[in-house]
Structures are given as structure tokens and as C-alpha cells.
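Trainee: 3D model of this:
(4 chains)
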There are 2 protein chains.
Amino acid sequence: MTVPESFANATSGPSCQVPEAAPTPGEPIDDETLAKVAKALGNPTRIKIIRLLLAQHTCMTGELVAQLPLAQSTISEHLRLLREAQLIQGEIEGPRTSYCVNQRILTAFKRAVADL
Amino acid sequence: MTVPESFANATSGPSCQVPEAAPTPGEPIDDETLAKVAKALGNPTRIKIIRLLLAQHTCMTGELVAQLPLAQSTISEHLRLLREAQLIQGEIEGPRTSYCVNQRILTAFKRAVADL
DNA sequence: ACGATAGATCGTGTATCGACGATAGTCGTT
DNA sequence: AACGACTATCGTCGATACACGATCTATCGT
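Mentor: As a prediction, this is how the structure comes out:
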């Protein structure tokens, strides 16, 4: 394989640019997706990761590993779960990967929660 | 035992009154709690349960069982998880139990999510 | 006191999570 | 071509989720 399998969804374009403008009116998400995203956020470490990504706009895996008291493989696993829930996007940059929050999904999630 | 164990938190007062007024400015919740609540919402069935409770203000377990395609024991289990996350409160009424959403927690959760 | 009913809990099986160390793949550098 | 840095994946483990049927408990009518 050329690309690490589950990275098929990794956009190759400049998807991690500053997300300042996220004016997405956003299509509402169904309960299935809502639950999926909620589940992804259902772990303190993953919430911290999201916070870090939001604070720094973008982050290499290594930076996250450095800022969290967990093994590299564990962080990578959390990133995988967040990726599967579409909450973050990874962009391969040379030998490393930079992650950013998928504002589209996060916004849709916020909306769905607010509308509960 | 007189009370079903994990019901120690079941308020005996009229806690399930119409939650119209939920003006709680609400103390912010920490990431631990946020994750806990998110996890509790991380299942489509539990989201449906919350929706049903919100729509009907209050609900007997039996009504929920009737409206969901799952065994009674399974619903009861989901209710337990929601209870543990403080998202709902159960009030024992004679031989049955009526549940309602804990607006305080739900509001705090909405706030925390919106503030992400 | 008895039986019916509602609902919580128990016991089981399967699946997924969360953590880790070890391994492997990819790229830039030497 | 080989090396080192960076990450994803694998394999494993214990713990927890999820679903079910069976059981237990508590309450209400009679």
C-alpha cells in the first residue's frame, strides 16, 4: 500500500488552512451521525486533543504526543477514532501528519446538540 | 434493600415537573464530565430516548419500551447509563418509574459543546 | 395474603474501547 | 544506499458496552 489504508479520506489539498470562515449553514445530521460524533467526544483525552487542535489550528501528531501523558500509539489510536468520526482531518506532510478540526462536522454537531 | 440500589440519586420530590423554566446560568462543566455526558449520548438509542423524554416531558419506562424496538432489559440498561451520566432523573411512582431529562446537565452540556 | 404487573438487576455472549509495546512503512538527510 | 525521525498499524490485555432472556423485587388490586 502506498497510503496508510484508512487515510483514503485524507485530503491532499490544503484542507487545514485557518478555519476562520466556517459560515456553513450546515445540513443537519441524523441521529446516527450525532451519536457517532458524541461517542468520539466521549473521552477526556479526545476532548483535550480537540481543544489543542482548535487552539493551534493545526498540529503534528508529535506535538500532541508531547503535550499529553500517553504513549504515541495511544494518541495515534485516538486520532484514528476522531478521524473515523470525521471530527478531524489529517494531511500527510512529508514524514509527518498534521491534523486539524473538521469545522463542518463540528459545527453541525454543535447545531444538533443545541437543537436537542 | 428498600430502594433499587443505584436509585440513591432518584429524587423523591417533584423533580420531574415541566422543565419550562431552565434559566440555569449553569456552572461550566469540566472535560471529565463533558466526556461522560458525550459518551452517554454516543448511542443512537439513547439519543432517541432523550428525544422522547424531551418531547413528552416525562415518560414511564414502559412507554419507552413500547416505542423502541428493543427488549425491556436493554432499555432499562440504557436508562441506567443515562442516569449515571446524570442526563436523566428517575422518579419512582408506585410500581413504575417515570423519567425526565435533567435540564441542568443538558444545558451545561450544550453550553460546553457550544463553547468548543 | 395473593396474584398480577412494572421495572431493575443478574448472567451470558459478543463486540468495542483504551492502553501499551513492538513493528513496519514513509520520507528527508547524509 | 543506508539511517534516523515520525507515525500508523498490529497484537495483546483487561475493562466496558450492548443486547438478550431469566429472575428478583416492590407495589397495587382484589
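
Trainee: where in chain A is pLDDT low?
Mentor: When residues are selected by pLDDT under 70, those of chain A lie in A:1-26.

Trainee: Look up which residues are beta-bridged to the spatially most central residue of it.
Mentor: Geometric centre of chain A, nearest residue: A:I88, 1.6 Å, by Cα atoms, centre = their mean. Beta bridges link A:I88 to A:V101, judged by DSSP bridges.

Trainee: got a list of what it touches?
Mentor: Counting by Cβ atoms under 8 Å, 6 or more residues apart in numbering or on different chains, A:I88 touches A:49-50, A:53, A:79, A:82, A:99-102. For every residue, glycine as well, the C-beta is placed using N, CA and C.

Trainee: now swap in A:T61 and tell me
Mentor: A:T61 sits next to A:72, A:75-76, A:79, A:96-97, A:99 when contact means Cβ under 8 Å, 6+ apart.

Trainee: Drop anything exposed from those.
Mentor: Neighbour-count burial (16 or more other Cβ atoms under 10 Å in any protein chain shown) applied to the contacts of A:T61 gives A:75, A:79, A:97, A:99.

Trainee: From those residues, which land in helices?
Mentor: Using DSSP state H, the members of these that fall in helices are A:75, A:79.

Trainee: As a markdown table, the buried ones among the contacts of A:T61 with distance to B:V65 would be great.
Mentor: Shown next, in a markdown table, are the buried ones among the contacts of A:T61 (distance: Cβ to Cβ, whole Å):
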| residue | distance to B:V65 |
| --- | --- |
| A:I75 | 41 |
| A:L79 | 39 |
| A:T97 | 46 |
| A:Y99 | 42 |
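
Trainee: Now the two most distant members of the buried ones among the contacts of A:T61.
Mentor: The widest separation within the buried ones among the contacts of A:T61, taken as Cβ to Cβ, falls between A:I75 and A:T97 and amounts to 11.5 Å.

Trainee: tell me which element the closest residue to DNA strand C within chain A falls in.
Mentor: With Cβ to the nearest atom of the strand as the measure, the residue in chain A that lies nearest DNA strand C is A:S73; the distance is 3.1 Å. In this assignment (DSSP states H and E), A:S73 forms part of helix A:72-84.

Trainee: That helix packs against which elements?
Mentor: Under the contact criterion of 3 or more Cβ pairs under 8 Å, 6 or more residues apart in numbering or on different chains; DSSP states H and E, helix A:72-84 touches helix A:31-40, helix A:44-56, helix A:61-67, strand A:88-93.
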